[in-house]
Every structure is written in structure tokens, then in C-alpha cells.
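Engineer: sequence first, predicted coordinates after that:
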Amino acid sequence: QWQLVESGGGLVQAGGSLRLSCAASGRTFTTYAMGWFRQGPGKEREFVASIAWNGIRKVYANDVKGRFTISRDNAKNMVYLQMSNLKPEDTAVYFCAGSDYSDFREVADFGSWGQGTQVTVSS
């Protein structure tokens, strides 16, 4: 079972940047894909990005493409989400997620979640 701890959230102005981090444990990190999801106020949790076990294949939601970059450090069991050109609509709690597979197939592959970190973007 994954244990996932996010950090790096905060308050930022529109157009600014933030880098989220996720420390993962509990499973063989180098075997599985990892992802980021978010849940905005009054909204359902939604997929943001995923990265394959080897860091090669990355998948992004349409509304973050070109602004967000997911990465991982397999030596440190860490996943990151670099967010740039942030918009007020990016305001949400961001969750790190662990997959049961080595690469992204579908959103339902992700069944383990961290506690989340709040990102607030002011206009």
C-alpha cells in the first residue's frame, strides 16, 4: 500500500509558479507510474498528470499542458509537479497518487492518495 506525503503548496499570484513534491513509500517505487490529481472548491477530483515508472511517458490534462511538468526521482522516491503560469482556476487541493501499473492506462489505475496540499492562486 502506498504512503504518500505532499508538500509545496501555498498562495501565489496569477502568472506565478509553484513546485509540489511528493514523498512515496510502501511499494517498490521504481515499478509504478505516479500521478497528480486536484480537487477545486465544489468540484470533483480530477486528473492532472501522470508519469511512467521510468519517467519517459508523461500524460497531462488538456488544461495544464504547456504549463505544468511532472517529474520523478527514482533514487529518492520522489514525484514533483512544477506549475507555471498559474491561473485562479488552478486553485485546488493537489493530491499525489500511486498507480497499480507501470504506465498510464486510465484514471482508475490510481487508487492510493496522499493527504493533499492546498494551492491558491489569486487574481
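Structural biologist: Yes, it's here.
Engineer: W53 - nearest residue in space that isn't next to it in sequence?
Structural biologist: S102 (4.3 Å; CB to CB, 6 or more residues apart in numbering). In short, each C-beta sits where N, CA and C put it, glycine included.
Engineer: straight-line length of stretch 18-34, end to end?
Structural biologist: From its first residue to its last, stretch 18-34 covers 19 Å (CA to CA, to the nearest Å).
Engineer: the chain should start at 17 in everything you say after this.
Structural biologist: All right, first residue 17 from here; so that's stretch 34-50.
Engineer: list the buried residues of that stretch.
Structural biologist: 34, 36-40, 43, 45, 48-50 (16 or more other CB atoms under 10 Å).
Engineer: where in this structure is pLDDT low?
Structural biologist: Across the chain, nothing is flagged by pLDDT under 70.
Engineer: if we can go back for a sec, farthest pair in the buried residues of stretch 34-50?
Structural biologist: Greatest spatial distance in those: L34 and R43, 26.6 Å, computed using CB to CB.
Engineer: how many neighbours does E122 have?
Structural biologist: E122 is flanked by 9 other residues according to other CB atoms under 10 Å.
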